[in-house]
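Visitor: Model the structure of this input:
(chains A and B)
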Amino acid sequence: MSRDEMSSLQGKRLHKLVELVYHNVPFYRNKMQAMDVYPDDIRTIEDIVKLPFTTKQDLRDNYPYGLQAASQSEIVRVHASSGTTGNPTIVSYTRKDLSVWSEVMARSLAAYGITRKDTFSVSYGYGLFTGGLGAHYGVENLGATVIPASTGNTEKHLRLIRDLHITGIACTPSYALYLAETMDKMGLTKEDIDLRVGAFGAEPWTENMRREIEERLGIKGYNLYGLSEIMGPGVSYECQEQHGSHVNEDHFYPEIINPDTLELLPNGRQGELVFTTLTKEGMPLLRYRTRDLCSLMEGKCACGRTNVRMGRIMGRSDDMLIIRGINVFPSQVESVILEMPEFEPHYMLVVNRVNNLDTLQVQVEVRQDYFSDDIGRMLAMKKMLTDKLKSVLSISADVKLMEPNSIARSQGKGKHVTDNRKLN
Amino acid sequence: MTIKQLSVFLENKAGRINEVTKILARNGINMHAFSMAETTDFGILRLIVSDACRAVEVLREASFAVMLTDVVCLNCSNVAGSLSAIMEKLAAHDIFIEYMYAFAQGNEAHVIIRPNDLPRCMEILRHESCDVLGGECF
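Guide: The predicted structure follows:
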């Protein structure tokens, strides 16, 4: 498809989308009326800059179904992503949405060189998280054999990889490294298995990690980008050139903005990635701010594809951390600590990568009046915080009790995170 | 009579005990006995000092989490079996010892005991005519 044809298709789809949300989603109608913008003002894809942005906070404020454009009888599936304080983010899909999703996911797999002759293991978590089911239906749509391995029981999984001659796997890059370690322990070598393709996403990773995974598993590792608010995995994918991730831009229109001024930036410049769901029916979003920092590349790729490519994600424009594939906001930790009088309202999150697995330590100061000479009581205090954090964050954190005044106080916006993972 | 033991919360980090002893030294507070209880990430330093009330003051000023705990200071003769005889009496009355530490010098030994039931423990020791040290500040 030529660039002109793509732009024209995007323009038509955007117009239809704006009609849909204007008439069906009061949140967008109110926003557009306040900006004096109406569906007929949106004719070409360039008109997109007239439209309002959507943030994760908007999703939370409209929990659970406030941004839904389709009636409940049209919704066939709901996913949820980890909430920060309070409401999780709910995303609903119509039957057509699921069909688009399995289409874009199948495109990604095809770009990695997967065909219907392959046996493909999906090792993202199945459940509310979009990773498992999203990749699953893509593999089925392509016609390959899907092994819904999900996560956990790594030794059994490796036996299946060997015995079922599994050739492709979708998982987090850190899980791929964990697989390699478990292989070593089991005495398996890369010659014993037939894996040749890995689709890695759901957490940031580096070229060094790619080299290590490719070397240790004897495969080619490709980026698979997605986010539940927009769809799930399959928003963009690397081709065999491994040079930027091709965006499925006929469905998800990407922009790069300056996160401070919200101005559109030209291609090539780094800024915050924004997506508009051009064809979604269930919960379509206009100009959703992903908070991911990257740049867009235009021009024909050596593979022949002409769709725009995303560079590697270079960071976040907010303070969100991705730990073992789970989104963690410092504010979640703060809300838990503020509820417990035993601790000072000062804390520090320390993130490390130990043996390729992310670890999170939460340092908190014990309040003078809650200090006890009884070690049992101190340990109970620590356990109570550990348990509360686990239920709010969905991942375990190691709580470290600190002396009063030992965590640095900063002026203004506190620095609450020390991320020791080397990602760049 | 019980005595006041000073408890100090410490992170497991090199130099923290040194920091406490320096502050006490600077303020002319003498340490008679101490013990260190530790877990994987923090410790509690328990001390018997010459002026517990003043020690609390100066350590709090330096941002340490500190507290005073009532403990028993038992004096017994420094010979085999003397502590055992007393422990037997306490056990017979179901007194559970949360922690204890001791120092011996010459003919005398001092044992610091933190029992689960302090008043009852004191009562038993009195009844057995044990030599117990007293004093708000040592």
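Visitor: Pull up the pairing partners for the helix or strand where A:Ile322 lies, direction included.
Guide: Taking DSSP states H and E as the definition, A:Ile322 sits inside strand A:321-323. With DSSP bridges as the test, strand A:321-323 is paired with strand A:326-328 (antiparallel).
Visitor: Name the residues that touch the partner strand?
Guide: Contact with strand A:326-328 is made by A:81-82, A:320-322, A:349, A:360, A:393-395, as judged by CB atoms under 8 Å, 6 or more residues apart in numbering or on different chains. (C-beta placed from N, C-alpha, C; glycine too.)
Visitor: residues contacting A:Asp373?
Guide: Counted by CB under 8 Å, 6+ apart, A:Asp373 has contacts B:5, B:7, B:44, B:46, B:67, B:69, B:114.
Visitor: Please apply the same query to A:Met35.
Guide: Here A:Met35 is in contact with A:50, A:52 (CB under 8 Å, 6+ apart).
Visitor: about what we covered before: just curious, which of the contacts of strand A:326-328 is nearest to A:Ile169?
Guide: A:Ile322 (19.7 Å; CB to CB).
Visitor: Go ahead and confirm that closest one touches A:Pro204.
Guide: Yes: with contacts counted by CB atoms under 8 Å, A:Ile322 reaches A:Pro204, the gap being 6.1 Å.
Visitor: circling back: need the contacts of A:Asp373 in TSV (columns: neighbour count).
Guide: What follows is those, written out as TSV (neighbours: other CB atoms under 10 Å in any protein chain shown):
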residue	neighbour count
B:Gln5	25
B:Ser7	21
B:Ile44	23
B:Arg46	21
B:Met67	19
B:Thr69	19
B:Arg114	21
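Visitor: Number of residues surrounding residue 93?
Guide: Picked chain A for this. Other residues within reach of A:Tyr93, judged by other CB atoms under 10 Å in any protein chain shown, total 24.
Visitor: wrong one, I was asking about chain B
Guide: Neighbours of B:His93 (other CB under 10 Å): 13.
Visitor: Point me to the helix or strand that includes A:Ala170.
Guide: Going by DSSP H and E, A:Ala170 is part of strand A:168-171.
Visitor: Which helix or strand lies directly C-terminal to that strand?
Guide: helix A:173-186.
Visitor: Could you list the alpha-carbon positions for the one helix or strand A:Arg291 maps to in CSV?
Guide: Assigned by DSSP H and E, A:Arg291 belongs to strand A:288-294. In CSV, the C-alpha atoms belonging to strand A:288-294 read as follows (Å, rounded to 0.1, in the frame of the first residue of the first chain):
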residue,chain,number,x,y,z
TYR,A,288,-4.3,8.0,24.0
ARG,A,289,-1.1,9.1,25.7
THR,A,290,0.9,5.9,26.3
ARG,A,291,3.6,7.7,28.4
ASP,A,292,6.2,5.6,26.5
LEU,A,293,9.0,7.7,25.0
CYS,A,294,10.2,6.8,21.5
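Visitor: Show the subsequent helix or strand relative to that strand.
Guide: Following strand A:288-294 in sequence, per DSSP H and E, is strand A:296-297.
Visitor: who's in contact with that next one?
Guide: A:244, A:247, A:254, A:256, A:267-268, A:308-311.
Visitor: Now with 6 Å, please.
Guide: A:244, A:256, A:267, A:308-309 (CB atoms under 6 Å, 6 or more residues apart in numbering or on different chains).
Visitor: Mark which of the residues you listed are buried, thanks.
Guide: A:244, A:256, A:308-309 (16 or more other CB atoms under 10 Å in any protein chain shown).
Visitor: domains in chain B, as residue ranges please.
Guide: Using automatic domain parsing, the domain ranges for chain B come out as B:3-69, B:72-133.
Visitor: no no, chain A
Guide: If you go by automatic domain parsing, chain A breaks into A:89-318, A:326-419.
Visitor: Among those, show the one with the smallest mean pLDDT.
Guide: If you rank those by mean pLDDT, domain A:326-419 sits at the bottom with a mean of 87.
Visitor: Could you list the low-pLDDT ranges of chain B?
Guide: Residue ranges of chain B with pLDDT under 70: B:134-138.
Visitor: Residue numbers of it in contact with chain A?
Guide: B:7, B:9, B:11, B:37, B:41-42, B:63, B:65, B:67, B:69 (CB under 6 Å from any CB of the partner chain).
Visitor: Return the member of those residues nearest to A:Ile219.
Guide: Using CB to CB, these come closest to A:Ile219 at B:Asp41, 39.2 Å.
Visitor: If we ignore the residues flanking it in sequence, what's nearest the closest one?
Guide: A:Lys400 (5.1 Å; CB to CB, 6 or more residues apart in numbering or on different chains).
Visitor: Quickly find the element holding that neighbour.
Guide: Per DSSP H and E: strand A:398-402 holds A:Lys400.
Visitor: next structured bit after that strand?
Guide: According to DSSP H and E, the helix or strand after strand A:398-402 is strand A:417-419.
Visitor: Tell me the gap between that next one and the middle of its chain.
Guide: 19 Å (CA atoms, centre = their mean, to the nearest Å).
Visitor: where do the helices sit along chain B?
Guide: Along chain B, the stretches classed as helices by DSSP state H are B:16-26, B:52-61, B:82-92, B:118-127.
Visitor: now the last one: how far from the chain's centre is it?
Guide: Taking CA atoms, centre = their mean, one finds helix B:118-127 lying 17 Å from the centre of the chain it belongs to.
Visitor: Pull out the buried positions in that helix.
Guide: B:118, B:121-122, B:124-125.
Visitor: Show me what the top strand by length along chain A is packed up against.
Guide: Assignment by DSSP state E gives strand A:343-354 as the longest strand of chain A. Secondary-structure packing of strand A:343-354 (3 or more CB pairs under 6 Å, 6 or more residues apart in numbering or on different chains; DSSP states H and E): helix A:330-338, strand A:357-366, strand A:417-419.
Visitor: packing partners for whatever helix or strand comes next after the longest one?
Guide: Going down the chain from strand A:357-366, the next helix or strand is helix A:375-393, by DSSP H and E. Under the contact criterion of 3+ CB pairs under 6 Å, 6+ apart, the helices and strands touching helix A:375-393 comprise helix A:330-338, strand A:398-402.
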